[in-house]
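Peer 1: Generate a structure from the sequence data that follows.
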Amino acid sequence: MEADLWDFQDFWRIQTEFMQAQWKAFAGQTKELTESATKSATNDEGVNLSSQKSLTGVTKWIVTGLGSLYEMKHFYEPDLTSNPDSPFIRDGNNKLVRRSYWMDMDDRTLVMVMTKGIGAHLTNDEKRAHLADLRREHLIDQVCVQEILPPEK
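Peer 2: As a prediction, this is how the structure comes out:
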């Protein structure tokens, strides 16, 4: 019986050492990944935001301040051949070129423009991303049409 107790204690000691080694390795990998993402996401001005196009050219990846969490944003990309002066145009850093056009609007005007004007054809995801970029998230419910899905059969 005493040998069984010793084997059980050895088992837990070995198991504990193994788990501690696994957590230590996991923490090291997480730290390296975070540092790598933060380094690659920091631009020349020290701003920790990066944007890169996915294979489809629509998906934008925006790295948060910690560099460890990724958020997908779908910004509308206007056709520059038909409308070179579109207020939705973004530069290489994914910043709105005509940001002042949007910032000069009050909330009521912005809601009208996004629901009945030039932004009416945008998808809800594109509208949400655009409003979040303008820091007008409080208008999302007024601008985005609720999509009612039929019941599943």
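
Peer 1: How far does the longest helix seen in the chain sit from its chain's centre?
Peer 2: Longest helix of the chain, by residue count under DSSP state H: helix 2-41. With Cα atoms, centre = their mean, to the nearest Å as the basis, helix 2-41 stands 30 Å off its chain's centre.

Peer 1: any idea how far residue 140 is from residue 99?
Peer 2: Using Cβ to Cβ, to the nearest Å, residue 99 is found at 19 Å from residue 140. In short, each C-beta sits where N, CA and C put it, glycine included.

Peer 1: swap that for residue 101, please
Peer 2: According to Cβ to Cβ, residue 101 and residue 140 sit 20 Å apart.

Peer 1: swap in residue 132?
Peer 2: Shown here: residue 132 relative to residue 140, a distance of 8 Å by Cβ to Cβ.

Peer 1: Also residue 117?
Peer 2: 17 Å.

Peer 1: and if you look at residue 113?
Peer 2: When Cβ to Cβ is applied, the distance between residue 113 and residue 140 equals 14 Å.

Peer 1: Equivalent analysis for residue 98, please.
Peer 2: In this structure, residue 98 and residue 140 are separated by 21 Å, where distance is defined by Cβ to Cβ.

Peer 1: coming back round to it: who has more neighbours, residue 117 and residue 140?
Peer 2: Between residue 117 and residue 140, counted using other Cβ atoms under 10 Å, residue 140 has the larger neighbour count: 15 against 12.

Peer 1: in a helix, that's where the more buried one is, yeah?
Peer 2: Yes - according to DSSP: H, G, I helix; E, B strand; the rest coil, the state of residue 140 is that of a helix.

Peer 1: Tell me who's in contact with it.
Peer 2: With contacts defined as Cβ atoms under 8 Å, 6 or more residues apart in numbering, the neighbours of residue 140 are 127-128, 131-132.
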